[in-house]
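Peer 1: Pasting the sequence and the predicted model now:
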Amino acid sequence: MSELPTLAEIPVSTLAWIGDAVYELYARTRVLGDGRLQSGRLHQAAVRYSSAVHQAAAVEKLLPLLTEEESGIFRRGRNHAPSSSPRNAPPQAYRLASGLEALVGYLYLADRRARLEELLDIILSEGDA
């Protein structure tokens, strides 16, 4: 088994890829509620949180709260040239969402779970989706 790369060696696109999965898991957990909804309705509720447009709007709430290091990771993710074109969102929203996902991936891989949960609680607070 090969060694894992250090956090500094991981490309920002990979941070965003991991961040997308982590964000989706948190969103799904948030909408689970008492678990009585059918999976189709749960999916619809989670998609509202996971859309690039919702993530881009959430970034506006987070930017003033980010540390210098976190802002740098966000900017790297936002400025990274995407490998695909957004289908359901304006390009600017897609870029902001990519920055957010890179930050989420970074915090997750850096094992900064308390900070990750703090920021995701702000984004996924009730009534925002």
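Peer 2: Nice, thanks for sending it over.
Peer 1: For the longest helix anywhere in the chain, name the packing helices and strands.
Peer 2: What stands out as the longest helix in the chain, according to DSSP state H, is helix 12-32. When contacts are defined as 3 or more Cβ pairs under 8 Å, 6 or more residues apart in numbering; DSSP states H and E, helix 12-32 sits against helix 39-50, helix 68-79, helix 91-109, helix 113-123. All C-beta spots, glycine's among them, are computed from the backbone N, C-alpha and C.
Peer 1: So for residue 31, which of those helices sits nearest?
Peer 2: helix 39-50 (3.9 Å; Cβ to Cβ).
Peer 1: Just the buried residues of the next helix or strand after the closest one, please?
Peer 2: The C-terminal neighbour of helix 39-50 among helices and strands, as given by DSSP states H and E, is helix 52-62. Of the residues in helix 52-62, 52-56, 58-59, 62 count as buried by neighbour count, 16 or more other Cβ atoms under 10 Å.
Peer 1: tell me which helix or strand of the chain sits lowest on mean pLDDT?
Peer 2: helix 39-50 (a mean of 81; mean pLDDT, DSSP states H and E).
Peer 1: how about the helices and strands packed on helix 12-32, which one is nearest residue 26?
Peer 2: Proximity to residue 26, assessed across the helices and strands packed on helix 12-32 by Cβ to Cβ, is greatest for helix 113-123 (4.9 Å).
Peer 1: Which neighbouring elements make contact with that closest one?
Peer 2: Packed next to helix 113-123, using 3+ Cβ pairs under 8 Å, 6+ apart, are helix 12-32, helix 52-62, helix 91-109.
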